[in-house]
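[1] What follows is a predicted protein model with its sequence.
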Amino acid sequence: MKRSLSTVFMGTSRFATPILQSLYDHYGLVAVVTQPDRPSGRGRVISMPEVKQRALELDVPVHQPERVKDASLVDTIRGMNPELVVVAAYGQILPRSLLKIPPMGCINVHGSLLPKYRGAAPIHWALARGESETGVTTMLMDEGMDTGPVFLRRVVPIHPEDTAGSLSERLAAAGAALVIETIEGLKRGDLHPTPQDGRQATYAPPFKKKDGWMTWSEPARMLHHRIRAVTPWPGAFTRLRGRMLKIFWAEVDEKPGGKQQPGCVVDVGAEGIRVATGKGHIILKDVQLEGKKRLPVHEFLLGYRVEAGTMLGNGP
């Protein structure tokens, strides 16, 4: 049964959707604020954020301002008299005028163990840097970027097979539970925020399309981390005979090999396409050639010949 709590939710990406659903199931929602519909995909078709889609399915009013600092939005939210605002992967920093509105404050659900990985892409960077664990944090928002005092943290292990997609799903589920635990603690009056130690802070700036291009002079282990971090977006890319080759999965062999130039195909066989790197080899297992379907490498090689000595490109 829903317990009455006047709540506004602000979020945009897929990570935010389970958190929206959890709040709706427990308390209901007065409104949802998300980013405007934008072009996406190769056809640049206008698409709505996943948060908006879920809110419409739940018949919750949706607001999509270009800028969260717009006075009209702040006035609209003030007119709702929310007791609480919850934010998850919204994409903009809230102004002080909005932060002051709800008497219970504005709670952010962040996909890292703050103060590590403050910023827009904490999940991507945890994978890119080879972390063995990460987590979710609830915090009382202030005017900084993920600098507010912390309510609760929940550790989530990073599995060897995780990509940004799979890890994001597990972190979102953990965040959906943690935000309810946080709100219930606040309602009881026995949960209080603890200031972050800014000296321990690290940062997670947004990933861009160019961050998916492989630089073969890097060590195989770091390239493997990068492939996991950019899957499903923006994807890991190289060039094969002038055509873009997308890499969905690879394995690492760090044993010393020959002195092949980084990016050189060392051999091709049942295990995959073995490529020399700055340190060790990386074995491509799951790929998609530009204009073709995604395939396991053994199927890809049935229709496309790749020989030892072929050079893979470093960028567009």
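    Happy to help now that I have it.
[2] Just the element for F248, please.
    F248 belongs to strand 243-253 when assigned by DSSP states H and E.
[3] and that strand, what does it pack onto?
    Applying 3 or more Cβ pairs under 8 Å, 6 or more residues apart in numbering; DSSP states H and E, one finds that strand 243-253 contacts helix 220-229, strand 236-240, strand 272-276, strand 281-289. Yep, even glycine has a C-beta here, placed from its N, CA and C like the rest.
[4] The third one packs against which elements?
    Taking 3+ Cβ pairs under 8 Å, 6+ apart as the contact definition, the neighbouring helices and strands of strand 272-276 are strand 243-253, strand 265-269, strand 281-289, helix 297-303.
[5] Comparing these, which stretch has the densest surroundings?
    Greatest average neighbour count among the helices and strands packed on strand 272-276 goes to strand 281-289 (a mean of 21), per mean count of other Cβ atoms under 10 Å.
[6] which residues sit against that one?
    220, 223-224, 240, 243-255, 257, 266, 271-275, 294-297, 300, 304 (Cβ atoms under 8 Å, 6 or more residues apart in numbering).
[7] Ramachandran coordinates for S40?
    S40 adopts backbone torsions of phi -150, psi 160, taken as degrees, to the nearest 10.
[8] Look up how far E169 lies from it.
    Using Cβ to Cβ, to the nearest Å, S40 is found at 20 Å from E169.
[9] cool, and L245?
    26 Å.
[10] Ok, G28 next?
    Counting by Cβ to Cβ - G28 and E169 are separated by 25 Å.
[11] At which residues are the strands of the stretch 51-200 of the chain located?
    Along the stretch 51-200 of the chain, the stretches classed as strands by DSSP state E, counting those that start in this stretch are 62-63, 84-88, 106-110, 133-140, 150-157.
[12] I'd like those as JSON lines, with mean pLDDT appended.
    Listed next are those as JSON lines, based on pLDDT from 0 to 100:
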{"stretch": "strand 62-63", "mean pLDDT": "98"}
{"stretch": "strand 84-88", "mean pLDDT": "98"}
{"stretch": "strand 106-110", "mean pLDDT": "98"}
{"stretch": "strand 133-140", "mean pLDDT": "98"}
{"stretch": "strand 150-157", "mean pLDDT": "98"}
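[13] Dump those strands to TSV, plus distance to P122 and mean neighbour count.
    Output for these, formatted as TSV (distance: least, Cβ to Cβ, whole Å; neighbours: other Cβ atoms under 10 Å):
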stretch	distance to P122	mean neighbour count
strand 62-63	26	17
strand 84-88	12	26
strand 106-110	7	25
strand 133-140	7	23
strand 150-157	12	16
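[14] Serialize those to a markdown table and add fields for distance to H124.
    Formatted as a markdown table, the strands of the stretch 51-200 of the chain follow (distance: least, Cβ to Cβ, whole Å):
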| stretch | distance to H124 |
| --- | --- |
| strand 62-63 | 27 |
| strand 84-88 | 16 |
| strand 106-110 | 14 |
| strand 133-140 | 11 |
| strand 150-157 | 15 |
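[15] Tell me how many other residues crowd S112.
    When neighbours are defined as other Cβ atoms under 10 Å, S112 has 25 of them.
[16] my guess is it meets A204, correct?
    Yes: if you go by Cβ atoms under 8 Å, S112 and A204 touch, sitting 7.1 Å apart.
[17] shared neighbours of those two, which are they?
    Joint contacts of S112 and A204 (Cβ under 8 Å, 6+ apart) are R118, P122, A126.
[18] residues touching the second one, list them.
    In this case it means P122. Applying Cβ under 8 Å, 6+ apart, the residues near P122 are H110, G111, S112, K116, T134, A204.
[19] any idea how far it is from R241?
    For P122, the distance to R241 (Cβ to Cβ) stands at 37 Å.
[20] what's the angle between the longest helix anywhere in the chain and strand 150-157?
    Longest among the helix segments of the chain by residue count, using DSSP state H, is helix 164-188. Following axes from the mean of the first three to the mean of the last three Cα atoms, to 10 degrees, one obtains 150 degrees for the angle between helix 164-188 and strand 150-157.
[21] same question for helix 164-188, mean pLDDT?
    Mean per-residue pLDDT for helix 164-188: 98.
[22] got any ranges where the stretch 201-316 of the chain has weak pLDDT?
    Residue ranges of the stretch 201-316 of the chain with pLDDT under 70: 257.
[23] that older thread, including distance to R78, could the helices and strands packed on strand 272-276 go into TSV?
    Formatted as TSV, the helices and strands packed on strand 272-276 follow (distance: least, Cβ to Cβ, whole Å):
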stretch	distance to R78
strand 243-253	46
strand 265-269	61
strand 281-289	49
helix 297-303	56
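[24] so which of those comes closest to S6?
    Nearest to S6, of all the helices and strands packed on strand 272-276, is strand 243-253, at 43.9 Å by Cβ to Cβ.
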